[in-house]
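Undergrad: Dropping a prediction and its sequence here:
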Amino acid sequence: MNVKRINEGGFSLIELMVVVAIIGILAAIAVPNYTKFQVKAREAEAKTTLGAIYMSEKAYVQEAIGATTNLVRSGYTPDGSPLFNCGFNTGQAEIIGVNDPAAGVMHYADTNTYCGDMALAPNCAGFNMAFQAAAPANAMAVPPANNMDPTFTIACSGNVGARQNPIWTLNNANTLVNATPAF
């Protein structure tokens, strides 16, 4: 008797195509969600940094009876390689350095560097623009005469891998605002 044996090992081409299609569908669902979670995790760094700068500035206000825009002077120094460029604008006119901003125009600087419109300083990446109207209304308010409660707004902006760079702000009243969302 001559019996022809059928090769029963391995996968057929159709089975392989079905598996590839299923993997493609799962990847199409998973990759955007993964990207979104990555952006949220990176934005958490901005919130944490804003909180640290806020605490440093509040402590400096109590010790020095006034605010400063110098992050090092306020006691804050970033660790590692931050994804966000952070700095702030104070309601009082104490911008440490020689490049003071024009009155009434909100700009944000990294540490001691003023970042005006089209500033070319290397610390100004992300800040060489006038801040948008989404900033809190009291950000440029005149501080009280005793200078014990100056107003300030801290901002962080950075490339987190989203469509646009998010900008987070935190003011002296500890109000966190996502001025420019990543998505």
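TA: Now that the structure is in, tell me what you want to look at.
Undergrad: Give the next helix or strand downstream of the host helix or strand of residue 156.
TA: Using DSSP states H and E, residue 156 sits in strand 152-158. Following strand 152-158 in sequence order, the next helix or strand is strand 167-171 (DSSP H and E).
Undergrad: hmm, back to that, quick check: angle from the strand holding residue 156 to strand 167-171?
TA: Angle, strand 152-158 to strand 167-171, by axes from the mean of the first three to the mean of the last three Cα atoms, to 10 degrees: 160 degrees.
Undergrad: and the gap between residue 23 and residue 16?
TA: 11 Å (Cβ to Cβ, to the nearest Å). (Glycine included, C-beta is placed from N, CA and C.)
Undergrad: meant to ask about residue 79, not that
TA: According to Cβ to Cβ, residue 79 stands 49 Å off from residue 16.
Undergrad: Tell me which of those two has more neighbours.
TA: Remark: of residue 79 and residue 16, residue 16 carries more neighbours, 11 against 7, as counted by other Cβ atoms under 10 Å.
Undergrad: re earlier: partner strands of the strand holding residue 156, with direction?
TA: Strand 152-158 has its sheet partners listed here by DSSP bridges as strand 84-90 (antiparallel), strand 167-171 (antiparallel).
Undergrad: Same list (the ones you listed) but as JSON lines, adding distance to residue 9.
TA: Below are the strands paired with strand 152-158 laid out as JSON lines (distance: least, Cβ to Cβ, whole Å):
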{"stretch": "strand 84-90", "distance to residue 9": "56"}
{"stretch": "strand 167-171", "distance to residue 9": "58"}
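Undergrad: how about low-confidence regions in the chain?
TA: Scanning the chain for pLDDT under 70 picks out the ranges 1-8, 88-149.
Undergrad: Let's see that with 50 instead.
TA: 90-146 (pLDDT under 50).
Undergrad: by contact count, what packs against the lengthiest helix in it?
TA: Under DSSP state H, the helix in the chain containing the largest number of residues is helix 13-64. Using 3 or more Cβ pairs under 8 Å, 6 or more residues apart in numbering; DSSP states H and E, the elements in contact with helix 13-64 are helix 71-74, strand 84-90, strand 152-158, strand 167-171.
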